[in-house]
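Participant: Sharing a model prediction with you, sequence too.
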Amino acid sequence: MPPFTRPATRRGRRLSDHARLLQCVQQILERSTQAVPWEPETVGLPDARSGGALARINDVAFYANARNEVATLAGVCVDLLLLHSPDGSEQPDQTAGRRCRSCRLAWPCPTFGEISRLLG
């Protein structure tokens, strides 16, 4: 079960789906920015005899860029979740009549629903 679909509490109260998903993505962003950059000598690259030189170059490029790419994608998710959040109080059980702060559609808005579906 992905971490953002597990029930989470803060000081004895259940977090809303939005707060849980935002917290999860912020933790991914924090871990990725604190991670040590991956270098060819620090990852398990395939043996040079196991594939073509192009495959090894692609592996090295992937590992070299993964940390920054994960941080960038997590940052985009955080920004989207901050834009598409419920207006008013953060009471998880009180969604009737609430609207998204950004698109003003009924909460949960389609953007939050899609982010939640894609990360779930």
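Facilitator: Great, that's in hand.
Participant: Tell me where this protein has strands.
Facilitator: With DSSP state E as the definition, the chain shows strands at residue ranges 9-10, 13-14.
Participant: Mean pLDDT lowest where, among those strands?
Facilitator: When the strands of the chain are compared on average pLDDT, strand 9-10 comes out lowest at a mean of 53.
Participant: Burial check on Ala64, number of neighbours?
Facilitator: Summarising burial for Ala64: neighbours were counted as other C-beta atoms under 10 Å, giving 15. Any C-beta I mention is one placed from the backbone N, CA and C, and that applies to glycine too.
Participant: sorry, that was for Val76
Facilitator: Quick note: Val76 (other C-beta under 10 Å) scores 12 neighbours.
Participant: What separation do you get for Phe112 and Cys103?
Facilitator: When distances are taken as C-beta to C-beta, to the nearest Å, Phe112 and Cys103 turn out to be 9 Å apart.
Participant: Apologies, that question was intended for Asp87.
Facilitator: Here the distance between Asp87 and Cys103 works out to 11 Å (C-beta to C-beta).
Participant: List the residues that contact Leu81.
Facilitator: With C-beta atoms under 8 Å, 6 or more residues apart in numbering as the criterion, the residues that contact Leu81 are 18, 21-22, 25, 112, 115.
Participant: max-length helix in the protein?
Facilitator: For the chain, the helix reaching the highest residue count under DSSP state H is reported as helix 53-83.
Participant: Rounded mean pLDDT for it, please.
Facilitator: Mean predicted lDDT for helix 53-83 stands at 83.
Participant: Just the CA trace of stretch 64-78, in PDB.
Facilitator: The C-alpha coordinates for stretch 64-78 follow below in PDB (Å, rounded to 0.1, in the frame of the first residue of the first chain):
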ATOM      1  CA  ALA A  64      23.400  10.500 -12.900                       C
ATOM      2  CA  ASN A  65      20.100  12.400 -13.500                       C
ATOM      3  CA  ALA A  66      17.600  10.500 -11.400                       C
ATOM      4  CA  ARG A  67      18.100  12.400  -8.200                       C
ATOM      5  CA  ASN A  68      17.500  15.800  -9.800                       C
ATOM      6  CA  GLU A  69      14.600  14.400 -11.900                       C
ATOM      7  CA  VAL A  70      12.900  12.900  -8.900                       C
ATOM      8  CA  ALA A  71      13.300  16.100  -6.900                       C
ATOM      9  CA  THR A  72      11.900  18.100  -9.900                       C
ATOM     10  CA  LEU A  73       8.900  15.900 -10.300                       C
ATOM     11  CA  ALA A  74       8.200  15.900  -6.500                       C
ATOM     12  CA  GLY A  75       8.500  19.700  -6.600                       C
ATOM     13  CA  VAL A  76       5.900  19.900  -9.400                       C
ATOM     14  CA  CYS A  77       3.500  17.600  -7.400                       C
ATOM     15  CA  VAL A  78       4.000  19.800  -4.300                       C
END
